[in-house]
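**Q** everything below, folded, please.
(one chain, ligands or ions: 1)
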Amino acid sequence: MTKIPHLIDINDFTSDQWCSIISLAHEIMSAPMVYAGACRGKIMGTLFYEPSTRTQMSFQTAMLRLGGGISGFDNPSNSSVAKGENLKDTTKIVSGYSDILVMRHPLEGSSKAAALTADCPVINAGDGGHMHPTQTLTDLLTLREEKGTLSGLTVGFCGDLKNGRTVHSLLKALSCFDGNKFILVSTKELKVPEYIKDYITAAGKEYVEYLTLEEALPHLDVLYMTRIQRERFGSPEEYDRQKNVYCLDAAKMKLAPADMIVLHPLPRVDEIAVEVDDDRRAAYFKQANYGMYVRMALILCMIDYGFESKPLLKGTVMNDVCCTNPKCITHTEKYLPHSFIKTGSVLVCDYCDERISL
Ligand code: CP
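**A** Below you'll find the model as predicted:
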């Protein structure tokens, strides 16, 4: 497979490359001992500026199962970030200690910003509400294992489709495979962002938007539930208006086809009733387990890359223009060049994909 220096956005890989990683993950699952020493002597740095259970621990266990070591923090307040160290310096230092760097951060575009100065490959383990490409690889492996295909699927997404980075990355990925259709179930406040809808349309795929799960369920091959992301709301009142709107329970599961599967990137709050766990269509715990194997495959595909820094910013530097997304990394890391891609009468932020009308 062609080596890629960083994984910032799922589209840094081609669909053929995703399929290679998924096939390798399948091989590792079949014969894990074959790969037990594949990363001996290598170190993975883990910079988790935001809480995580699955992503952090599946990356760590993936590296340990490959025979490598791990080093990093899971709480920036226990690091020199608490003394005011900027992202550039932390990345520069830790990438010098590591062969591969995995980073989760609450701000959008942070992984790309980190990759600008890193001396080893950077993997985006979630940047705010923007992207979560390794969850997408997990989801693709789950679909391949549980549905036997990545094509011709009608996939429903339900919940916080505005802030759900896993939703954004998976919609982009599934738009690249033939015959997929999407049913987007959310309140009007939490709809999929326009740039993702534009991506689906440009890929020649169809989507419809519904307000209720009941309308969507009978048509689905896959239901991808998501939690309402409390940490992304501006105020507790805004969150209170959105929470508890959607709950998949045993009664609603009766509306779904017998071979539909239910996925969820987890953690769940209350959007899937615990009773659904006993339904054989519930695949979300298996999905979390697949995540470790796909991350083993990803580490193997990226770590031996003869690392060479490549230009990452695709746009034009316009330091007099500010991104209008308040969660964009450019607002806190002031040294970053403001780079935008001009598309017609719109500027697209190179870090967070915010669209700014001219
Ligand atoms: N799916 C996922 O990213 O879970 P964590 O937040 O626990 O890593």
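
**Q** distance of whichever residue of the stretch 201-350 of the chain sits closest to the ligand relative to Lys42?
**A** Closest contact between the stretch 201-350 of the chain and the ligand, by C-beta to the nearest ligand atom, is at Pro265 (3.7 Å). Every C-beta, even on glycine, is put in place using the N, C-alpha and C of the backbone. Using C-beta to C-beta, to the nearest Å, Pro265 is found at 27 Å from Lys42.

**Q** ignoring the adjacent residues along the chain, who's closest to the residue of the stretch 201-350 of the chain closest to the ligand?
**A** Nearest in space to Pro265, with sequence neighbours left out and distances taken as C-beta to C-beta, 6 or more residues apart in numbering, is Thr166 at 4.3 Å.

**Q** ok, residues contacting the helix or strand where that neighbour lies?
**A** Take DSSP states H and E as the rule and Thr166 turns out to sit in helix 165-174. With contact meaning C-beta atoms under 8 Å, 6 or more residues apart in numbering, helix 165-174 is reached by 9-11, 15, 18, 126-133, 135-136, 139-140, 150, 153, 155, 157, 159-161, 180, 182, 192-193, 196, 199-200, 205, 224, 226, 265.

**Q** now for the residue of the stretch 201-350 of the chain closest to the ligand: which residues touch it?
**A** Residues in contact with Pro265, defined by C-beta under 8 Å, 6+ apart, are 54, 132, 135, 138-139, 166, 226, 287.

**Q** that one: which element?
**A** With DSSP H and E as the criterion, Pro265 is inside neither a helix nor a strand.

**Q** roughly how far does it sit from Gln60?
**A** Pro265 is 18 Å from Gln60, where distance means C-beta to C-beta.

**Q** if we can go back for a sec, how far off centre is the helix holding Thr166?
**A** A distance of 7 Å separates the centroid of the chain from that of helix 165-174, by C-alpha atoms, centre = their mean, to the nearest Å.

**Q** could you figure out how far the very next helix or strand once past it is turned away from helix 165-174?
**A** Next helix or strand after helix 165-174 toward the C-terminus (DSSP H and E): strand 181-185. Counting by axes from the mean of the first three to the mean of the last three C-alpha atoms, to 10 degrees, strand 181-185 points 160 degrees away from the direction of helix 165-174.

**Q** partners of strand 181-185, with directions?
**A** Sheet pairing here is set by DSSP bridges, and for strand 181-185 it gives strand 154-158 (parallel), strand 206-210 (parallel).

**Q** for these, which one sits closest to Ala282?
**A** strand 154-158 (14.5 Å; C-beta to C-beta).

**Q** and that closest one, what's its mean pLDDT?
**A** Mean per-residue pLDDT for strand 154-158: 98.

**Q** that one: which residues count as buried?
**A** For strand 154-158, the neighbour count (16 or more other C-beta atoms under 10 Å) marks 154-158 as buried.

**Q** make CSV out of these and add distance to the ligand.
**A** Formatted as CSV, the buried residues of strand 154-158 follow (distance: C-beta to the nearest ligand atom, whole Å):
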residue, distance to the ligand
Thr154, 23
Val155, 17
Gly156, 18
Phe157, 15
Cys158, 16
